[in-house]
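# coordinates only, sequence not included:
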């Protein structure tokens with residue numbers, strides 16, 4: 001074996017990538033874990049404006065239920081579904097697509113939740129609205145109800161992730177003494 005052949009083999013060895021590429025599929029399982037984590041900032045104590053917004057959000061969420069967001073704010077259209085149902089899906093329009101304009105949602109929900117809703121996966125920037133589709137059921141009514149349920153779940157998730165709980169006075173006193 002000559003020096004050149006050994007040198008060329010060594011050179012080829014070092015040209016191989018040491019780090020394997022990260023694939024999106026391996027990150028998807030981890031993103032589900034991160035999706036439910038609260039986000040914290042290091043900007044210190046919330047100011048009076050933040051506290052006022054949090055108080056308004058807590059008060060609003062305490063009364064939050066299925067009737068909080070009126071159905072008249074949304075527009076639902078139906079189209080051909082690709083879900084379960086065999087040949088029936090070719091004949092009926094059971095897929096529900098419900099759209100809530102952000103302008104109309106802004107007037108009924110607190111700013112904290114509204115801001116985070118703009119970062120939601122359901123937000124459609126092109127129409128500045130929340131767009132939820134469902135074709136998991138065979139009927140139009142069931143799919144329409146599912147879109148409303150998904151919106152309510154998203155709002156609950158956003159509230160839990162972005163609005164901190166109320167700190168009791170005793171706890172604040174203990175922290176100040178530290």
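Good, I have the coordinates. These figures come from a predicted structure and were not determined experimentally. Numbering: from 1, shown residues only.

# For burial, what's the neighbour tally of residue 146?
Using other Cβ atoms under 10 Å, residue 146 is surrounded by 18 other residues. The C-beta positions use only the backbone N, C-alpha and C, and glycine is treated the same way.

# Is it in a helix, a strand, or coil?
Following DSSP: H, G, I helix; E, B strand; the rest coil, we place residue 146 in the helix state.

# Can you tell me how far it is from residue 63?
23 Å (Cβ to Cβ, to the nearest Å).

# One more: residue 99?
25 Å.

# Residue 130 now?
For residue 130, the distance to residue 63 (Cβ to Cβ) stands at 20 Å.

# what does residue 154 give?
Relative to residue 63, and taking Cβ to Cβ, residue 154 is found at 18 Å.

# more neighbours, the two?
Taking other Cβ under 10 Å, residue 154 and residue 63 do not tie; residue 154 has more neighbours (19 against 8).

# what's the helix or strand where the more buried one lies in contact with?
Assigning secondary structure by DSSP states H and E places residue 154 in helix 140-162. The contact list for helix 140-162, computed with Cβ atoms under 8 Å, 6 or more residues apart in numbering, reads 36-39, 57, 61, 64, 66, 69, 71, 74, 76, 78, 81, 92-98, 100, 109, 112-113, 116-117, 120, 122, 130, 132-137.

# Please repeat the previous calculation with a cut-off of 7 Å.
38-39, 57, 61, 66, 69, 76, 78, 94-96, 98, 100, 112-113, 116-117, 120, 122, 130, 132, 134-137 (Cβ atoms under 7 Å, 6 or more residues apart in numbering).

# residue ranges with poor pLDDT in the chain?
1-48, 82-90 (pLDDT under 70).

# would you list every one of the helices in it?
3-15, 24-35, 48-62, 88-91, 102-106, 111-117, 140-162, 169-177 (DSSP state H).

# between the third one and helix 140-162, how many degrees?
Put plainly, it is helix 48-62. Relative orientation of helix 48-62 versus helix 140-162 (axes from the mean of the first three to the mean of the last three Cα atoms, to 10 degrees): 150 degrees.

# Can you list the buried residues in helix 48-62?
For helix 48-62, burial by neighbour count (16 or more other Cβ atoms under 10 Å) applies to 53, 54, 56, 57, 58, 60, 61.

# Distance to residue 104 for those - can I get that in a markdown table?
Listed next are the buried residues of helix 48-62 as a markdown table, based on distance: Cβ to Cβ, whole Å:
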| residue | distance to residue 104 |
| --- | --- |
| 53 | 20 |
| 54 | 23 |
| 56 | 18 |
| 57 | 18 |
| 58 | 23 |
| 60 | 16 |
| 61 | 19 |
